[in-house]
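A.B. asks: How does the following fold in three dimensions:
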Amino acid sequence: MNLTDVLGNPISFTMLMGIAGISIASYLGRLTLLSLISFVISLVVLILLIVFSVLNLKRLKYEIVDFMAVISGLTLFITRLRLIYPSFLYFIPSLVLSFFYFLVLYKVFVSIRQVTFKYHLLGVAGTLLSIDLRSYVIPLSLLFIGLGVSMYFIVTALLLKRILTEKGVINIIDGATWIQMGLSALISFAISPFSELLSIVFWYLALSLFPLVIIASVMKLLYVNVSIKYHPSLWSVIFPQAVFATDTFNVLRLHLIVLPLLYDISLSVLFSALSLFLLFTILLVTK
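C.D. replies: Numbering: from 1, shown residues only. The predicted structure is shown next:
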């Protein structure tokens, strides 16, 4: 598999989600230099992904749900741009992405066969759009928050059914397993302007899921004898950590929880995400 096949795959937009998420978390954590550097990297990553996607257009191999990573990555990049230069003009691409969200969502549900953790991208894309649209059309923002929460519980229920009825559950664990934790934190962040209580509930949910996804990942490495080599699903580990750090910074900023230790925890998670981004980039370049 060459670089065009790797970066030309829609799911590789989780790479953009990761570095853009790191940039936003750094911004809220007042790490200005890191935020600017990671923003420049995210811009380079976006250009590379677009170029390789065009080059690979005729031989794409993907699942329909992979396009939710494209919508999520672009929406997150727009969100980061707004922190640098607020403008009403961002509403237009956000509206276009909203249209494609419903189109992809429909195609996913009419073609769905077996649910994996990657399907939590349905909730991630919807929730990111709700954050992006909040400044323009509040009812539309609330609609997407509702979709994000609904997708979270629907996909979780389908995954639980699969876990309880199938053998070899360890086989469905991969980098995308982290998205469930990340979506909880993302919902907490998105819903905080409307309900502080629900925001805290989802933050605690993300906090409780954090050690579980770590344990699941370690079990996958130990019991299935998985070697650490590049795979597109690795990028799915980074964004959830970045968004958890972002949400925790937000919880502290709003004084929903007054515990100074949380700032240090957020920094640790943020630098963990950054370290993994650098590691996976090395694995990609040397594969």
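
A.B. asks: Surely residue 34 touches residue 26?
C.D. replies: Yes. Judged on Cβ atoms under 8 Å, residue 34 makes contact with residue 26 at a distance of 4.3 Å. All C-beta spots, glycine's among them, are computed from the backbone N, C-alpha and C.

A.B. asks: out of these two, which sits in the busier spot?
C.D. replies: The residue with more neighbours, out of residue 34 and residue 26, is residue 26; 27 against 18, by other Cβ atoms under 10 Å.

A.B. asks: I'd guessed that one sits against residue 42; true?
C.D. replies: No. Look at residue 26 against residue 42 with Cβ under 8 Å: they stay out of range, at 11.2 Å.

A.B. asks: What residues of stretch 132-149 count as buried?
C.D. replies: Neighbour-count burial for stretch 132-149, counted by 16 or more other Cβ atoms under 10 Å, picks out 132-134, 140-145, 147-149.

A.B. asks: And the residues you listed, which is closest to residue 231?
C.D. replies: The nearest member of the buried residues of stretch 132-149 to residue 231, counting by Cβ to Cβ, is residue 148 at 26.3 Å.

A.B. asks: pLDDT below threshold where in this protein?
C.D. replies: Scanning the chain for pLDDT under 70 picks out 1-5, 58-61, 224-230, 287.

A.B. asks: give me the element the spatially most central residue of it is part of.
C.D. replies: Nearest residue to the geometric centre of the chain (Cα atoms, centre = their mean): residue 239, 4.5 Å. Per DSSP states H and E, residue 239 falls inside helix 238-253.

A.B. asks: Now do the SS call for residue 135.
C.D. replies: With DSSP: H, G, I helix; E, B strand; the rest coil as the basis, residue 135 sits in coil.

A.B. asks: need the contact list for it.
C.D. replies: Contact analysis of residue 135 by Cβ atoms under 8 Å, 6 or more residues apart in numbering lists 82, 86.

A.B. asks: State the distance from it to residue 29.
C.D. replies: From residue 135 across to residue 29, the span is 22 Å (Cβ to Cβ, to the nearest Å).

A.B. asks: same deal with residue 245?
C.D. replies: Counting by Cβ to Cβ - residue 245 and residue 29 are separated by 7 Å.

A.B. asks: can you list residues touching both of those two?
C.D. replies: Shared contacts of residue 245 and residue 29, defined by Cβ under 8 Å, 6+ apart, are found at 266-267, 270.

A.B. asks: Tabulate these in JSON lines, adding columns for neighbour count and distance to residue 13.
C.D. replies: Formatted as JSON lines, those follow (neighbours: other Cβ atoms under 10 Å; distance: Cβ to Cβ, whole Å):
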{"residue": "266", "neighbour count": "22", "distance to residue 13": "25"}
{"residue": "267", "neighbour count": "17", "distance to residue 13": "26"}
{"residue": "270", "neighbour count": "25", "distance to residue 13": "21"}
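
A.B. asks: What is the nearest of those residues to residue 50?
C.D. replies: For these, the nearest to residue 50 is residue 270 (26.6 Å; Cβ to Cβ).

A.B. asks: Now the closest one: phi and psi?
C.D. replies: phi -60, psi -50 (degrees, to the nearest 10).

A.B. asks: Now do the residue nearest to it when sequence neighbours are not counted against residue 268, distance only.
C.D. replies: Leaving out its chain neighbours, the residue that sits closest to residue 270 by Cβ to Cβ, 6 or more residues apart in numbering is residue 245, at 4.1 Å. Distance of residue 245 to residue 268, computed by Cβ to Cβ: 9 Å.

A.B. asks: between these two, who's got more neighbours?
C.D. replies: Per other Cβ under 10 Å, whichever of residue 245 and residue 268 has more neighbours is residue 245, with 28 against 12.

A.B. asks: which ones are touching that one?
C.D. replies: 25, 29, 266-267, 269-270, 273.

A.B. asks: ok, now with 6 Å
C.D. replies: The contact partners of residue 245, by Cβ atoms under 6 Å, 6 or more residues apart in numbering, come to 25, 266, 269-270.

A.B. asks: one step back: going by distance to residue 194, which of the shared contacts of residue 245 and residue 29 wins?
C.D. replies: Nearest to residue 194 among the shared contacts of residue 245 and residue 29, with distances taken as Cβ to Cβ, is residue 266, at 22.4 Å.

A.B. asks: relative to helix 238-253, how tilted is whichever strand or helix holds the closest one?
C.D. replies: Counting by DSSP H and E, the element that carries residue 266 is helix 261-286. Relative orientation of helix 261-286 versus helix 238-253 (axes from the mean of the first three to the mean of the last three Cα atoms, to 10 degrees): 160 degrees.
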